[in-house]
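**Student:** how would this look folded up:
(one chain, ligands or ions: 2)
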Amino acid sequence: MLDTPENTEINIQKKSKYSLGDILLCPRCSSRIKEYADIIECLSCHSAYPIVDNIVIFNLVESEIEQSYANSYEKLANDDLQHSLVANRETYHKPFLKFLGNLKGKKILDIGSSNALYLKQIECDFRACVDIALPFLKDIPNGAVDLKICGDAEKVKFVNGFFDVVIAADVLEHLLNPRALLDNIYLALNKNGKLFTHVPWREDLSVYKDSPYEYTHLRSFNDYNFTMLTSNFEIIRNRYSYPKLDIPIFHVISEKLPVKLSRLVKKLYFFGKVAKYEYKIRERWINNLPENEEFLLRFYPPLFRTSELRIKRDPRSFNKLVFKIIGTLLEKFMKSKAIQ
Ligand SMILES: C[S@@+](CC[C@H](N)C(=O)[O-])C[C@H]1O[C@@H](n2cnc3c(N)ncnc32)[C@H](O)[C@@H]1O
Ligand SMILES: [Zn+2]
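**Tutor:** Ligands and ions are numbered 1, 2, ... in the order given. Below you'll find the predicted structure:
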């Protein structure tokens, strides 16, 4: 039990109209919390969580694997802040911000925010962020974000329906248990709320085999596993981006041609200095992305998918009926094929 006199209760988010009790729940028992000067306390289990430099710290590590995961991200954050581990972050963030659209007046939560590079650019009513790595949160300039939470996003709990928008960009592939995060997001969003995700698409995970960080991308996404993971939501919009320009355009085209033509195209690639010039052109395409992105995606597979999702609603009764009829016919057809 925390011995905190009533009169020390203050709202640490001085500039915000919300107190932490309006936003956060106890991550251990999901009960309401009360905010004091440099601590929050659960009103039910009386767990106490410190607030350091305006960052709420939820240290919720329960196992060795969780500890080594947290350590790995602390190291990664320190390294990244010294020397950026991702080239051209702007190239990813610009189209992502465009995809988010107008969020004026919205309350936004960014999960796995790093140092809030895109979050701080979003015009909205309230910005909150969660990251497991404290160095990233400390790097966010004062006043850029209304609420900073350090902790494992799988465990941080929010007052039901507080947020209008949740962003999970380049984080779902990292988590030990992404389903737990999706459950938290489902509760944190109000019923008209939106979830924006950005995930690597059909990624080859073998490239992380020699990574100096133990936990990097733990899974690769495709339409099937993404749909399963987000089964409480429905997808409203998708945008495939960042063509994977890893092989010569001649070989991409030749795959789609009849074999004789394909042989010719491949021979032409090795004619004179064609291969050298092709490489130069492709290098320019890569450097100038997202310029020509739409055109290049006709040939090359995307590296990422951005999606807008909303909480699943009950379909209208007419739509339900149409779906039932189509479903029954399909089921009968599939059955006849399956038992042949
Ligand atoms: C690849 S970065 C993405 C940063 C940012 N969202 C972007 O798109 O540029 C992944 C971030 O997720 C954070 N992260 C990883 N696992 C997490 C977890 N379980 N809970 C909260 N944050 C996590 C990492 O510390 C890192 O800042
Ligand atoms: Zn509690």
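**Student:** which residues of the stretch 101-250 of the chain fall in strands?
**Tutor:** Along the stretch 101-250 of the chain, the segments classed as strands by DSSP state E, counting those that start in this stretch run 107-111, 126-131, 147-150, 157-158, 163-169, 189-200, 233-243.
**Student:** quick one, which of those is nearest to P27?
**Tutor:** Each of the strands of the stretch 101-250 of the chain has some distance to P27 by C-beta to C-beta; the shortest is strand 157-158, at 5.3 Å. Any C-beta I mention is one placed from the backbone N, CA and C, and that applies to glycine too.
**Student:** Which residues does that closest one contact?
**Tutor:** I23, L24, L25, C26, P27, S30, L109, N184, L187, A188 (C-beta atoms under 8 Å, 6 or more residues apart in numbering).
**Student:** count of neighbours near the first one?
**Tutor:** Taking other C-beta atoms under 10 Å as the criterion, the count of residues near I23 is 24.
**Student:** Let me see the contact set for it.
**Tutor:** In this structure, I23 makes contact with A128, L147, F158, V159, F162, judged by C-beta under 8 Å, 6+ apart.
**Student:** Minimum distance to ligand 1, which residue of the protein gives it?
**Tutor:** When you check the chain against ligand 1 by C-beta to the nearest ligand atom, the closest residue turns out to be G112, at 2.8 Å.
**Student:** Setting the sequence-adjacent residues aside, check what's closest to whichever residue of the stretch 151-300 of the chain sits closest to ligand 2.
**Tutor:** When C-beta to the ion is the measure, the stretch 151-300 of the chain has its nearest residue to ligand 2 at K157, with 9.5 Å between them. The spatial neighbour of K157 that comes closest, neighbours along the chain excluded (C-beta to C-beta, 6 or more residues apart in numbering), is L25 at 4.0 Å.
**Student:** quick one, helices of the stretch 151-300 of the chain?
**Tutor:** Using DSSP state H, counting those that start in this stretch, the helices assigned to the stretch 151-300 of the chain run over residues 178-188, 223-229, 249-254, 259-269, 274-288, 293-296.
**Student:** re earlier: the residue of the stretch 151-300 of the chain closest to ligand 2 and D110, how far apart?
**Tutor:** To D110, K157 is 16 Å away according to C-beta to C-beta, to the nearest Å.
**Student:** now I39
**Tutor:** To D110, I39 is 24 Å away according to C-beta to C-beta.
**Student:** More neighbours: which of these two?
**Tutor:** For I39 versus D110, the count of surrounding residues by other C-beta under 10 Å is larger for D110: 24 against 19.
**Student:** Test my guess that that one contacts C129.
**Tutor:** Yes - between D110 and C129 a contact is recorded at 4.5 Å, counting by C-beta atoms under 8 Å.
**Student:** Could you please give me the overlap between the contact lists of these two?
**Tutor:** Shared contacts of D110 and C129 (C-beta under 8 Å, 6+ apart): A116, L119.
**Student:** Stretch 45-59 near ligand 1 at all?
**Tutor:** No - legend: contact between stretch 45-59 and ligand 1 by C-beta under 6 Å from any ligand atom is lacking; minimum distance shown is 9.9 Å.
**Student:** Show me where the chain dips below the pLDDT cut-off.
**Tutor:** 1-15 (pLDDT under 70).
**Student:** got the domain boundaries for it?
**Tutor:** Taking automatic domain parsing as the domain assignment, the record places the domains of the chain at 1-52, 54-243+306-310, 249-300.
**Student:** Could you export these to JSON lines, including columns for distance to K332?
**Tutor:** Below are the domains of the chain laid out as JSON lines (distance: least, C-beta to C-beta, whole Å):
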{"stretch": "domain 1-52", "distance to K332": "45"}
{"stretch": "domain 54-243+306-310", "distance to K332": "23"}
{"stretch": "domain 249-300", "distance to K332": "36"}
